[in-house]
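Student: Quick one: sequence plus predicted model below, questions after.
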Amino acid sequence: MTEDSPATGAAAAAATANGAAVPAPAARTASTPARALPRPARAGRAETVRFAATHTLPAFIRGAFHVRPKVVSAYAALGQQGWSAATLRAMRARHGGAPVEVRGLSGTLLVLLDQADVRQFYELPVRTLAMDAPDKYRGLSLLEPTGVICSHGDTREDRRRINDEVLAADRPVHPSCREFQGLVDEEATALTHGGELDFPRLRRTVARLGRRMVLGDAAAGDEELARWLLAIREEANWMRMRKGRAAAAEALYAKAAARVEEYAGRAEPYTLASLARRHPSAAGPDAAALDPVGQAHHWLLALDTVGPTVARTLLLLSAHPAEQDAVRAEIDGGDPELPRLRACVRETLRLYPLVPDLVRVTRAETEWRGQRYPAGTAVLVPALFHQRDPEHVAAADRFVPARWLRPGAADDPGLAPFSHGGGRCPGEHLGLLTAAALIAAVLRGHRVTGGRPVLDPSLALPGLLGSAGIRLTLAAR
């Protein structure tokens, strides 16, 4: 449920392969005195082509708002993530770790390859380093035109405040936790029939659960709304390149928004839409402009990503039986916050992040390593690369949930499955709660004894792990 939505990886793709300008970070403002500076690091023609071919173009083809399962399966078989990592390592070595300008058809993308620059990226305020990079905005403006990521300035801050309060961003346990846990228990009964759990069944269960959490029980079986939202997400992948189809998607959004508003009006009081509808801002003079219930489109999108995370985590636990035993002991012990299980979910997201690239745009002149970049510069943090970087992350390609149990781990800028700073995901705790509750519901009465694809814990884990083909074997306890 991060503000750096799944769109950001493809937005970076469009910046180099398609040309949309993406911005750069800022540490000092234009008031800094002028002085002679070394030349900025710039990718050469061969580097630019290699970067586009192995990193940004594959991200665009993969899909930003609706991940294309067949593409991910093909990338996993071909080792595409390895190509990308090799390109970024070579770029870092050639330029001494400095931020590298990569030219696209319509502007420059500044790629951050050093931990110090990544830290600066997270520390900059959102008013300076904004979320709505051009290509990301073009896609999200179809899917959630009144969402936080499509906003800036005071409107963005007001919408973010609504998000934070509805999602209880500062609380590890959401105020509606008891009701949400009840929904999980009801929906999870469908997951353990027959001794096998495949991804299509998990996806359907998570979709029903998400609609109930956001819109209420009346929306649980609304497959028509689900089809509308899927069609909009698929068109958003094209980032308004297909003008006629984008117009059709806008019309479909209007129908979906009316349906969402209708559900919100009669939703149970603990649901996210009801909480948004009863937020003080919903009765204020700016209610129509802020559109609190309009945030529901992003919440539905974000909760749909819980399915792939649960599937990957269960598959990893099947390959690491000692970790599975520790998690089951925690579940049996009754700890409501399930810290070890949440650590497993975080580790899954480190290895297989929902947002592999973070892209933002500067709203003022910024400075990186003594180099100034104008407002409107696009800045890219290849988050997956950094989270699996063996130069900075111990056992980078291994499943080590215990790393998340050490103090301060969740604030390490090198590990950012939910981002950091002003763009940190306000739904972090709710997403972890939902994923952990679903996994606990499966493991409470069953053990995952095997799965496909087969993972060998003695080897480095694969760079990509498509969720669509995951099948898990369950044995009753």
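Tutor: Noted; the coordinates are in hand. Keep in mind it's a predicted model, so treat the numbers as computed, not measured.

Student: Now do Val379 against Gln295, distance only.
Tutor: In this view, Val379 and Gln295 are 25 Å apart by C-beta to C-beta, to the nearest Å. Heads up, the C-betas are built off the backbone N, CA and C, glycines and all.

Student: Please apply the same query to Pro462.
Tutor: For Pro462 relative to Gln295 (C-beta to C-beta), the value is 35 Å.

Student: ok, the two, which is more surrounded?
Tutor: Gln295 (26 against 18; other C-beta atoms under 10 Å).

Student: Return the set of buried residues in the top helix by length along the chain.
Tutor: Ranked by number of residues, the top helix in the chain under DSSP state H is helix 243-266. Residues of helix 243-266 classed as buried by neighbour count (16 or more other C-beta atoms under 10 Å): Ala246, Ala249, Leu252, Tyr253, Ala256, Ala257, Arg259, Val260, Glu261, Tyr263, Ala264.

Student: quick one, what contacts the last one?
Tutor: Each residue near Ala264 by C-beta atoms under 8 Å, 6 or more residues apart in numbering is listed here: Leu215, Ala273, Ser274, Ala276, Arg277, Val293, Ala296.

Student: redo that, cut-off 10 Å
Tutor: Applying C-beta atoms under 10 Å, 6 or more residues apart in numbering to Ala264 gives the contacts 214-216, 219, 271-278, 282, 292-294, 296.

Student: Write a ChimeraX command that selects only the buried members of those residues.
Tutor: Selecting only the buried entries of those in ChimeraX, with 16+ other C-beta under 10 Å as the criterion:
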select :214,215,216,219,271,272,273,274,275,276,277,282,292,293,294,296
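
Student: Now intersect the contacts of Ala264 with the strands, please.
Tutor: Applying DSSP state E to the contacts of Ala264, no entry is found in strands.

Student: which element is His429 on?
Tutor: helix 428-443 (DSSP states H and E).

Student: what packs against that helix?
Tutor: helix 153-167, helix 177-188, helix 199-215, helix 296-304, helix 306-319, helix 321-333, helix 339-351, strand 471-476 (3 or more C-beta pairs under 10 Å, 6 or more residues apart in numbering; DSSP states H and E).

Student: Export those as CSV, with columns for distance to Lys136 and mean pLDDT.
Tutor: Formatted as CSV, these follow (distance: least, C-beta to C-beta, whole Å; pLDDT from 0 to 100):
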stretch, distance to Lys136, mean pLDDT
helix 153-167, 14, 93
helix 177-188, 29, 97
helix 199-215, 22, 97
helix 296-304, 13, 96
helix 306-319, 20, 98
helix 321-333, 35, 97
helix 339-351, 20, 98
strand 471-476, 33, 96
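
Student: Redo these as a markdown table? Include distance to Leu112.
Tutor: A markdown table is the format used below for the helices and strands packed on helix 428-443 (distance: least, C-beta to C-beta, whole Å):
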| stretch | distance to Leu112 |
| --- | --- |
| helix 153-167 | 23 |
| helix 177-188 | 36 |
| helix 199-215 | 33 |
| helix 296-304 | 25 |
| helix 306-319 | 25 |
| helix 321-333 | 32 |
| helix 339-351 | 18 |
| strand 471-476 | 37 |
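
Student: wait, which of those is closest to Leu78?
Tutor: helix 339-351 (18.4 Å; C-beta to C-beta).

Student: buried residues in that closest one?
Tutor: For helix 339-351, burial by neighbour count (16+ other C-beta under 10 Å) applies to Arg340, Leu341, Arg342, Ala343, Cys344, Val345, Arg346, Glu347, Thr348, Leu349, Arg350, Leu351.

Student: Settle this for me: the fifth one is touching Ala435, isn't it.
Tutor: To tie it back to what came earlier, the one meant is Cys344. Yes. Contact criterion C-beta atoms under 10 Å: Cys344 and Ala435 qualify, at 9.3 Å.

Student: Identify those among the contacts of Ala264 that sit within helices.
Tutor: Val214, Leu215, Leu272, Ala273, Ser274, Leu275, Ala276, Arg277, Ala296.
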